[in-house]
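S.K.: following is a predicted model, sequence given first.
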Amino acid sequence: MAEATFSLVVENLGILLIQRTDIPVRVQRKARGLRDELERTFFSDVAERQPNDQRIRNLVSQLREVAQDAEDFIETFGSHGGDAANRRRRSLLLPSCFACSSSSGANDHDPVGEINDLRERLRGITINIIDERNNRRVGGEVQPVATTPWQIVEQVVGLEQDRVLLLNRAILQERTALSVTAIVGIGGIGKTTLARLVYNDADVARHYRRAWICVSSPSSIEEIVKKLLLQLVRPNEDEQQMLRSPDLQLLLQRRLVGRRYFIVLDDVQDIAPRDIASVLPDEGNRSRLLITSRNRDVTKQAQWFHEMKILDPNNSWQLLLNTAFARHNNLPNPEHLEHIGREILTKCHGLPSAIKEVGRLLIERQSEREWEDVLQTMDLSVMSNVFELSYRRLSPQLKLCLLSLAFFRQGTTIRAEKLVQVWIAGGMVHQGEQMEEIAASHLDGLISRYMVKVEDKTKDDRVKNCRVYDVFHKPSIKKAEDEISLEILTEEESTRPVHKPRHRAIYCTRAGFIYSPNQGNFLRSLFFHGGGSFDGEMAYWRSFELLRVLDFEGFGLEEFTEAISSLNGLKYLGLRNNYIKELPESLGHLKNLKVLDISLNFAVVVPDVIWKMESLRHLYMSEIVCRAGLKIDRLKNLRTLAYISVDNWIYERSSLQTMTCLRKLGIQELNQQSNISYLLESLAHLRNLVCLNLKGFRFNMMPSLNEVGYLGNLTQLKMDGLLAALPGVDDFPPNLCYLTLVNTSLDQDPMPVVEKLSKLLYVKLRNAYTGDRMVISQQGFPRLKVMRMGEFSHLRNVYVEAGAMPVLQRWEINGCPYLENLPRRATIID
C-alpha cells in the first residue's frame, strides 16, 4: 500500500534532480546517492503482505517521511535566495515580517550535511527492515484464504433471479462451442456466492466435470494450469511427478478431452478470458468457463457478461435479519428494531458482505438499546474491509489517483477533465507530452475496477463526470491520511492531526474560516469547500511555497487574495463558480501554472497578463471583461480555450500558426454583427483544432455559419444559440463525427440536413427545433450510434423510415411533453 506514495516520490526525486540544474554538482551527487538508496530500500514484499502489523506500518511511515523530506529538500533548494525579481515580488506581496527568507533556509546551512542526515535516518530504517524480513522468513507469510465451491452458502438473499438467468442463458443453453461467462462487480457484492450457487446446481453437477480455481493474487496461465491438473489428478497418481511434465498445457488438454467440463476461475485480476480458453480443448460439447472479477476490462472478451447489482432496501433488511437472527429456529419479525436496522443499512450501501458483517455483530444483541449502540459505534472497519479487497490489487499509480478523490466532498460529482488535471498538477501522474492521455487511462482503470462510478459521458463516449462510490469515501479518507498525508479540517470534526500534511481539504461555513494548527510548508494540494467565509490574510499564504494545486470551486469567493500570486510552484488554480469581481495584475507571475479556471465568475475583470503564463495548457473563462487584448497567441502550449469572446479573438495568420497545440476552442458572444467569415477563415489556420463550440450572445440571432466547412480537421462541432437556418450538407466540415445543436430554435426540421452528414457518430439536439414533426429518411444517418433529443416543446411526431440509422445503439428522448409516437428504438429518459 505504501508503494503508492513511495514509488512516485522517488521518481519525482529523479526528475527534480534533472530539472534543477542550479544545484551544485557535489549536492547533486549526494542527492542521487540518497535517491538510489531509497529505491533499493523499499520492502513491498513485507509491507504489502502485513498491512495490519503496527511495526511494519511504523517502518513504512518512517521510510515514506524520509523520501518526502528528500523531495522537499530538492524542491526548495535555493528558493529562499532566488533571483532579484522574485525577492522583490515577495517583498511587495507579503507583509514585511515575512518578506525576508527565514533563518532555516536551504542556503543558510550545509546542504550536503542535510542530505547526510537523511541518509543516516534511512540506514537506521534499513536495519529494522532487514530484521523484519528475517522475522517473516522464520514466521512464514500470511496467505489469503482461498475460496472453495464447498463453503456453505449461508444467508443468500436476492440472488435467485441472477442464478436462474445465468443457468438458462449462459451455462445450460444450447451453444455447443466452449463459452466464457463473466460475473463482475464491486468487491463484497456477492460474485463468489453467485458462482457457488451456479457451481452447485444439480443440473450442472449432473452434466459437467467440474473444477473450481481461486485465482486471487496475480497469477499466470501456467499457475492456473497446474491448479486445474491437481483437481484432475487420477487415483494413486503422484502429484509432483505429474507437475514435472514437460508440457503441462498438453497434459491438461489430454485430461479434458472427451469430457464436458465446467470450470470456475474465482477472482481473476489480469488474465484475459481468451488466454485462459486457449489452453482448454473445445470439442463442441457445450463446455463452459465461468469467471468472477472486480475488473470489468478483464472480462470484455466473455460471451456472456453479468454485472452484479447492490441489494435493494428490502432485500438488505431481509439479509440483516437472516444474519442477526441466524440462531433462531423461526425468524422473528422485530418491528421495534426495523427503524434502527434500516439506519444501520444506510451505512452498508447494499453490499451483502458489509450487511453480513454487521449482522454478525448483532447476533448477541437483540434489544433496541443494543442495536442503537451498534448504529452509533459502527466504525470504518466494516467498509474498510470491503475497500481493502479492491485497493490492495491496484497498481501504485491507481492507488494514488484513487486516494486523491478524498480531496472532494462525499457524493459530489467531479468533472473528469478537472480530476485528470488535478492528478497531473499534483504530481500523481508521470509527466510528459501524453500525460493527459495517461491520466485519463488511470481514470478508466479505476472505473473498470468499480472504485469510481461514471455519472455521464461525453459525446465521444469518454467519461464526463464521475464520483467515488459512497461505500469507499470514508475508507479512502482514512487511507489517504496514512498514505499521502491528507488532512481534513471541518468546523465539527477533523481528521487526526498529521505531522507534515501534504494535502488538505478545508470545509468552511459562514460562521468563520477554519485554520490548521499545522503550517502549510509541505502542502502540495489545498481544497476549499463550503463557502461564504474566507478571511485568510496575506500572511496565511506565506508557508505554501510548495503548493501545486489550489481549488476554490463553488466556494463563494468574492475577492482574489493577491498573495496567491506569489505561489510560484502553483500548477492548477481553480476559481470556477465564485463571485470574484476582478483579478490582479500580479496573477501573471504564476508562470508555472498549467490550468487556470475562472469560468462562471460573471463579468470578472481580467487584466492583460494571461499571456505571461507561458506554461498554460488549459484556460477556462466565460463572460469576462477585458480592458486590453488577451494576446492568447503567446500561449504556445495551450490545448484548451473555452470560452473567449469573438471580440477578443485574434485574426493574424502569423500569430495563429504558432498555436500548434490548440485542440479545443470555444467562441462566445456571436451575433448577427459578428464577422463570421473572418472568424472562420482565421480558425482554419489552427492545424490541430478538432473541437469547436460556437455560442450566441444571449437571445441574439447568430450569423449564418455556411462557411464552417473551412475547418477540414474538425470532428466535433457545437452550435449554441439562435440560428435562422443550418448550413447546407456540403457546408459542414467533411470529417464531422459529433454534432450538438442547443437552443438553435430552428423553424425547419434539421433532419433532412443532419441525416446526410455521413460520418456522424453522435448527434445531440436540445431545444433545437420549434416544429411539431420530424422525419428521418431511409438512408439517413448511416453511421450514427447515439442520438440524444430533448426539450422540444412542440414536437408531436417523429417518423423513421425503414433502413434509417442501421447501426444505432442508443436513442434517448426527454422533455418532449406532447410527443404522440415514440420511435421503436428510442427510450424516454426522465
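M.R.: The structure has been received and is ready for your questions. Just so it is clear, the structure is predicted and the values come from calculations on it, not from any experiment. Numbers count the residues shown, from 1 in each chain.

S.K.: what's around residue 180, how many residues?
M.R.: By other CB atoms under 10 Å, the residues close to residue 180 number 23. Yep, even glycine has a C-beta here, placed from its N, CA and C like the rest.

S.K.: quick one: end-to-end length of stretch 169-180, please.
M.R.: 12 Å (CA to CA, to the nearest Å).

S.K.: let me fix that: stretch 617-631
M.R.: Rule used - CA to CA; the end-to-end distance of stretch 617-631 is 15 Å.

S.K.: likewise for stretch 389-401?
M.R.: 17 Å.

S.K.: return the set of buried residues in that stretch.
M.R.: 390-391, 393-394, 396-401 (16 or more other CB atoms under 10 Å).

S.K.: in helices, which of the residues you listed appear?
M.R.: 390-391, 396-401 (DSSP state H).

S.K.: any idea which residue sits dead centre in the chain?
M.R.: By CA atoms, centre = their mean, the mean C-alpha position of the chain lies nearest to residue 443, the distance being 3.6 Å.

S.K.: quick one, what contacts residue 749?
M.R.: Each residue near residue 749 by CB atoms under 8 Å, 6 or more residues apart in numbering is listed here: 769, 771, 773-775.

S.K.: take those and keep only those in strands.
M.R.: Those of the contacts of residue 749 mapping onto strands are 773-775, per DSSP state E.

S.K.: including distance to residue 800 and neighbour count, could the contacts of residue 749 go into a markdown table?
M.R.: Shown next, in a markdown table, are the contacts of residue 749 (distance: CB to CB, whole Å; neighbours: other CB atoms under 10 Å):
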| residue | distance to residue 800 | neighbour count |
| --- | --- | --- |
| 769 | 16 | 22 |
| 771 | 16 | 14 |
| 773 | 12 | 13 |
| 774 | 9 | 20 |
| 775 | 8 | 15 |
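
S.K.: what number of residues lie near the nearest residue in space to residue 188 that is not next to it in sequence?
M.R.: Nearest in space to residue 188, with sequence neighbours left out and distances taken as CB to CB, 6 or more residues apart in numbering, is residue 353 at 3.3 Å. Residues near residue 353, counting by other CB under 10 Å, number 18.

S.K.: if we can go back for a sec, let me know the closest of the contacts of residue 749 to residue 812.
M.R.: Set against residue 812, the nearest of the contacts of residue 749 by CB to CB is residue 774 (14.9 Å).

S.K.: got the confidence number for the residue lying closest to the closest one once chain neighbours are set aside?
M.R.: Closest residue to residue 774 apart from its sequence neighbours, by CB to CB, 6+ apart: residue 798 at 4.6 Å. Per-residue pLDDT puts residue 798 at 94.

S.K.: spell out the secondary structure type for residue 798.
M.R.: strand (DSSP: H, G, I helix; E, B strand; the rest coil).

S.K.: would you confirm that it contacts residue 819?
M.R.: Yes. Using CB atoms under 8 Å, residue 798 is in contact with residue 819, at 7.2 Å.

S.K.: how far away is the residue sitting furthest away from the middle of the chain from residue 242?
M.R.: Ranking residues of the chain by C-alpha distance from their mean position (CA atoms, centre = their mean) puts residue 236 at the top, at 52.8 Å. Distance from residue 236 to residue 242, counting by CB to CB, to the nearest Å: 12 Å.

S.K.: looking at this, residue 437 is in a strand?
M.R.: No. Going by three-state DSSP, the assignment for residue 437 is helix, not a strand.

S.K.: find me the pLDDT at it, would you?
M.R.: 92.

S.K.: tell me how far it lies from residue 368.
M.R.: 56 Å.

S.K.: of these two, which one has the most company?
M.R.: Neighbours per residue (other CB under 10 Å) separate residue 437 from residue 368, with residue 368 holding more: 13 against 10.

S.K.: surely the more buried one is in contact with residue 339?
M.R.: No. When contacts are counted by CB under 8 Å, residue 368 is not listed as touching residue 339 (9.2 Å).

S.K.: ok so, going back, now the ones in strands among the contacts of residue 749 in TSV, with pLDDT and distance to residue 168?
M.R.: As requested, the ones in strands among the contacts of residue 749 are arranged in TSV below (pLDDT from 0 to 100; distance: CB to CB, whole Å):
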residue	pLDDT	distance to residue 168
773	95	44
774	95	40
775	95	41
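
S.K.: which of those lies closest to residue 162?
M.R.: For the ones in strands among the contacts of residue 749, the nearest to residue 162 is residue 774 (40.0 Å; CB to CB).

S.K.: confidence score at the closest residue to residue 695 other than its chain neighbours?
M.R.: In space, residue 695 comes closest to residue 668 once its chain neighbours are excluded; the distance is 4.0 Å by CB to CB, 6+ apart. Looking at residue 668, its pLDDT is 94.

S.K.: what do you get for residue 223?
M.R.: 88.

S.K.: do residue 139 as well
M.R.: 44.

S.K.: and the one 4 residues further on, by the same measure?
M.R.: The score at residue 143 is 46. That number is its pLDDT.

S.K.: same check on the one 10 residues further on?
M.R.: Predicted confidence (pLDDT) at residue 153: the value is 57.

S.K.: just residue 1 next, same as before
M.R.: 43.

S.K.: next: residue 461.
M.R.: So residue 461 comes in at 82 (pLDDT).

S.K.: CA atoms only for stretch 54-70 - export them in PDB, please.
M.R.: C-alpha atoms of stretch 54-70 as PDB (Å, rounded to 0.1, in the frame of the first residue of the first chain):
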ATOM      1  CA  GLN A  54       1.800  -1.900  13.500                       C
ATOM      2  CA  ARG A  55       5.600  -2.400  13.500                       C
ATOM      3  CA  ILE A  56       5.600  -2.600   9.700                       C
ATOM      4  CA  ARG A  57       3.200   0.400   9.400                       C
ATOM      5  CA  ASN A  58       5.600   2.400  11.500                       C
ATOM      6  CA  LEU A  59       8.600   1.400   9.300                       C
ATOM      7  CA  VAL A  60       6.600   2.300   6.200                       C
ATOM      8  CA  SER A  61       5.700   5.700   7.700                       C
ATOM      9  CA  GLN A  62       9.300   6.400   8.600                       C
ATOM     10  CA  LEU A  63      10.500   5.400   5.100                       C
ATOM     11  CA  ARG A  64       7.900   7.500   3.400                       C
ATOM     12  CA  GLU A  65       8.800  10.500   5.500                       C
ATOM     13  CA  VAL A  66      12.500  10.300   4.600                       C
ATOM     14  CA  ALA A  67      11.600  10.100   0.900                       C
ATOM     15  CA  GLN A  68       9.200  13.100   1.200                       C
ATOM     16  CA  ASP A  69      11.800  15.100   3.200                       C
ATOM     17  CA  ALA A  70      14.300  14.400   0.400                       C
END
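
S.K.: pull out the buried residues from it.
M.R.: 56-57, 59-70.

S.K.: so of those, which ones are in strands?
M.R.: Using DSSP E, none of these sit in strands.

S.K.: okay, now the closest residue to residue 575 other than its chain neighbours: neighbour count?
M.R.: Nearest residue to residue 575, sequence neighbours excluded (CB to CB, 6+ apart): residue 598, at 5.0 Å. Each residue near residue 598 was counted by other CB under 10 Å, and the total is 22.
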